[in-house]
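Student: What would the 3D arrangement of this be:
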Amino acid sequence: MELNRRYKLLRIFTGELDKLNGMCLYEAIVLAAKKQGLQGATVLRGILSFGSGSRMHSTKLLDLSFDLPIVIEILDTEENIEKFIEVVCPMVDQSGGGALITMETAEVVYYRGKKE
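Tutor: Numbering: from 1, shown residues only. Below you'll find the model as predicted:
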């Protein structure tokens, strides 16, 4: 990855229980990003959230929630992210789950892969 370039950070907010063809939606999205050759993806599991329905999702034992928030972050060039959005939106639609997708500019200040 070249430094001193502007990249786009794609964030996909979805639920832990959302599925696509029997697979977790977040896993299907990351596999699709890898297949498309994007730079990288990370899945984060939230501990507390609410969305459009104002229903609280929490990891607290007293407030058992089995559909915790998931955030998928993907970083790449604007061109590659725009192409991937065309892939990911139909995946979300097909899953029947809900999602919020955002994109912002990100400046990479340091990147080094592991030495083999």
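Student: who touches the top helix by length along the chain?
Tutor: The longest helix of the chain (DSSP state H) is helix 78-95. For helix 78-95, contacts defined as CB atoms under 8 Å, 6 or more residues apart in numbering pick out 6-8, 10, 12, 14, 18-20, 25, 28-29, 32-33, 36-39, 74, 76, 98-99, 101, 103. The way it works is simple: take the backbone N, C-alpha and C, and place the C-beta from them, glycine included.
Student: Beyond the helix or strand bottoming out on mean pLDDT in the chain, next helix or strand please.
Tutor: Lowest by mean pLDDT, DSSP states H and E among the helices and strands of the chain is strand 56-58, with a mean of 58. Next in sequence after strand 56-58, counting helices and strands by DSSP states H and E, comes strand 69-76.
Student: got the angle for that following strand vs helix 78-95?
Tutor: 150 degrees (axes from the mean of the first three to the mean of the last three CA atoms, to 10 degrees).
Student: quick check: mean pLDDT across the longest helix of the chain?
Tutor: The average pLDDT within helix 78-95 is 96.
Student: Alpha carbons of stretch 100-116, in PDB - could you do that?
Tutor: In PDB, the C-alpha atoms belonging to stretch 100-116 read as follows (Å, rounded to 0.1, in the frame of the first residue of the first chain):
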ATOM      1  CA  LEU A 100     -26.000   1.100   7.600                       C
ATOM      2  CA  ILE A 101     -23.100   1.600   5.200                       C
ATOM      3  CA  THR A 102     -20.800   4.700   5.500                       C
ATOM      4  CA  MET A 103     -17.700   5.800   3.600                       C
ATOM      5  CA  GLU A 104     -15.100   8.400   4.700                       C
ATOM      6  CA  THR A 105     -11.700   9.600   3.500                       C
ATOM      7  CA  ALA A 106      -8.800   8.100   5.400                       C
ATOM      8  CA  GLU A 107      -5.100   9.000   5.200                       C
ATOM      9  CA  VAL A 108      -2.800   6.200   5.800                       C
ATOM     10  CA  VAL A 109       0.100   7.400   7.900                       C
ATOM     11  CA  TYR A 110       1.900   4.100   8.500                       C
ATOM     12  CA  TYR A 111       1.600   0.600   7.100                       C
ATOM     13  CA  ARG A 112       4.000  -2.300   7.300                       C
ATOM     14  CA  GLY A 113       3.000  -5.900   6.700                       C
ATOM     15  CA  LYS A 114       4.600  -8.800   8.600                       C
ATOM     16  CA  LYS A 115       8.000  -9.900   7.300                       C
ATOM     17  CA  GLU A 116       7.900 -13.500   5.900                       C
END
